[in-house]
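1. requesting a structural model of the entry that follows:
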Amino acid sequence: MDVAALLDRARANGVRIATAESCTGGKVAAELTEIPGSSDVFICGFVTYSNTAKQAMLGVKSATLEAHGAVSEEVAREMAEGAVARSEADIAVSITGIAGPGGSEHKPEGRVCFALARRGAATFIETQEFGAPGRARVRQLATDHALDLIARSLG
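-> Here you go, the predicted structure:
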């Protein structure tokens, strides 16, 4: 992913970006801010590893967490929409998943849920199954996928 080109497209379109990350622990924000001058496009990153942080910082509902669990498209949606609502960003990507080791039969290692929220538009949500290539690899694959979602949203 050419992050500099992504930022240039956001800049050209007047789009400001926020992130809401759980299992990636801020890796998407780190990739965006690695590029000099990104501060005119990248607004902020929320690293909400715990459910309490998801609720307090992004407004994720306890009922959503109880009904679907933190690793769910429903929580990813509320994370992304909360990041847009609680920042000056025009778009926000969210990531919540199981990097490993571990997981369960119902929520296996490597399952990562994403959402991309945009002011005034429907929120896109999806789940990727990265398998169990190890924690570091799942986190990198999720980071790369989130950056690709942002890039695709910019046209």
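2. sec struct for the spatially closest residue to residue 18 that is not a sequence neighbour, please.
-> Distance criterion C-beta to C-beta, 6 or more residues apart in numbering; nearest residue to residue 18, sequence neighbours excluded, is residue 89 at 3.5 Å. (C-beta placed from N, C-alpha, C; glycine too.) At residue 89 the chain is in coil, as set by DSSP: H, G, I helix; E, B strand; the rest coil.
3. and the pLDDT at residue 89?
-> Reading off the confidence values, residue 89 has pLDDT 98.
4. let me see the contact set for it.
-> Counting by C-beta atoms under 8 Å, 6 or more residues apart in numbering, residue 89 touches 16, 17, 18, 43, 44, 83.
5. swap in residue 10?
-> Counting by C-beta under 8 Å, 6+ apart, residue 10 has contacts 16, 17, 41, 150, 154.
6. which residues of the protein fall in strands?
-> Here the chain has its strands, by DSSP state E, at 17-21, 42-47, 91-97, 111-118, 124-129.
7. most neighbours among the contacts of residue 10, which one?
-> Highest neighbour count within the contacts of residue 10, by other C-beta atoms under 10 Å: residue 17, with 26 neighbours.
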